[in-house]
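> missing the sequence, but the structure's below:
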């Protein structure tokens, strides 16, 4: 058992180390910072609509550089926004397949909760499907048994292989976090920015 746990610890630590460089801070002029996820090496970033609030934010990369962002697309119903920065050679995360997610799988969420830069939290998937009644979302959401906090929004949710499977979006209870599946992100980019979407969609 101890060897199994040690192997799991090593694997999850490696997943976090690979994912962190693609995590950015998003500053919209309000108090506190949201998160974002680099999707392409030439500066395409995905975050939540409620993080940017229709503004072109400043973006701080993992290496400490702060760059002006340009808002490319915004969708309040899917709580997604696409932002670009003038940079090249940025680190990214391999894309996963949200349709393959199953209850019981482990995932890791990264973000900046309460200003703690690059924090991580892990949990098991509860379900993937339509959001609970009353939530203003259009489409499926990943529901996970983990703690998301203010500052996680817009950050990456990755599976045990280190692949991006969702974008953290909100808290649905003390121990339930919600994320927008990667297939919804791809559809959003294809519909809203088309050929400018420099990811495989």
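Nice, thanks for sending it over. Because the structure is a prediction, the values reported are computed rather than measured.

> what segments of this structure are strands?
23-27, 34-40, 44-47, 58-60, 66-68, 70-75, 80-84, 106-111, 119-129, 141-145, 156-159, 164-173, 176-181 (DSSP state E).

> neighbouring strands - and their directions - for the fourth one?
Read it as strand 58-60. strand 23-27 (antiparallel), strand 66-68 (antiparallel) (DSSP bridges).

> returning to what we had before: just the strands of the chain: most buried one?
Most buried of those, by mean neighbour count (mean count of other C-beta atoms under 10 Å): strand 156-159, with a mean of 28. Just so you know, the C-beta spots here come from the backbone N, C-alpha and C atoms, and that holds for glycine as well.

> how many neighbouring residues does the nearest residue to residue 11 once chain neighbours are set aside have?
Nearest non-adjacent residue to residue 11, counting by C-beta to C-beta, 6 or more residues apart in numbering: residue 160, 6.7 Å away. Counted with other C-beta atoms under 10 Å, residues neighbouring residue 160 total 14.

> now do residue 160, the pLDDT please.
Residue 160 carries a pLDDT value of 90.

> mind listing what it touches?
11-12, 15, 105-107 (C-beta atoms under 8 Å, 6 or more residues apart in numbering).

> which one of the residues you listed is nearest residue 73?
Nearest to residue 73 among the contacts of residue 160: residue 107, at 25.4 Å, using C-beta to C-beta.

> what about that closest one, distance to residue 146?
Distance of residue 107 to residue 146, computed by C-beta to C-beta, to the nearest Å: 8 Å.

> intersection of neighbour lists for those two?
122-123.

> quick check: residue 104 touching residue 124?
Yes. Under the criterion of C-beta atoms under 8 Å, residue 104 makes contact with residue 124 at 5.6 Å.

> roughly how far does the residue nearest to residue 11 sit from residue 84?
30 Å.
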